[in-house]
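Enquirer: Structure, please.
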Amino acid sequence: MFFPASISQAKEEHDNVPQSFMISNGENTIHFTRTFKYLGSLINMALNEDDKILHRIRNTWNQMGMMRQLLKCRDICMEVKYWAYVAGPLNTILWGSESWNLTKTSRNKLNVFHHSAIHYILGVRMKRVQEEEKIQQRQQKDLSQHPNN
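Expert: Numbering: from 1, shown residues only. You can find the predicted model right below:
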């Protein structure tokens, strides 16, 4: 049978395939690989975009690193940083996305990247946000216990 009976069967077959392998009939040998690059695009056996998206996320983080001086500078207004992010990294990661076969996992990875990039540009760290929330909760608790209220 050429096509798998279900999506779960296709994923299971894809996960069980080694990174590269050969099939031989004695005279001829055919080489297979799970993922390969063709005309600049990553193609895999499952025909999903996971490898391509991970590759683009890595490249886009590298691009964000190259833009660090611009994105971290306090003298540059947020509007300029916004347009630099949209023109560079966001455009890089989404190039050709209109033809992608997205899964929930892929969409989640793209959302995580986008939110992380925004936090990077704004200088927001989750640890700092959590600490500030704890401080606010303590202040509210202290205010509620104050005798004048």
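
Enquirer: What is the neighbour count of Glu27?
Expert: By other C-beta atoms under 10 Å, 5 other residues sit near Glu27. (Each C-beta comes from the backbone N, C-alpha and C, glycine too.)

Enquirer: what about it, which SS state?
Expert: coil (DSSP: H, G, I helix; E, B strand; the rest coil).

Enquirer: For Thr33, see how far away it is.
Expert: 22 Å (C-beta to C-beta, to the nearest Å).

Enquirer: Verify the stated contact: Leu102 with Glu49.
Expert: Yes: counting by C-beta atoms under 8 Å, Leu102 touches Glu49, with 6.5 Å between them.

Enquirer: Have a look at these two and say which one is more surrounded.
Expert: Glu49 (22 against 15).

Enquirer: Excluding sequence neighbours, find me the nearest residue to the more buried one.
Expert: Trp100 (4.5 Å; C-beta to C-beta, 6 or more residues apart in numbering).

Enquirer: ok, that neighbour - how many residues close by?
Expert: The burial count for Trp100: 15, using other C-beta under 10 Å.

Enquirer: Got phi/psi on it?
Expert: phi -80, psi 150 (degrees, to the nearest 10).

Enquirer: Likewise for Leu90?
Expert: According to degrees, to the nearest 10, Leu90 has phi -60, psi -40.

Enquirer: same check, this time on Asn101
Expert: Torsion angles, degrees, to the nearest 10, at Asn101: phi -100, psi 90.

Enquirer: and it, how far is that from Arg34?
Expert: For Asn101 relative to Arg34 (C-beta to C-beta), the value is 17 Å.
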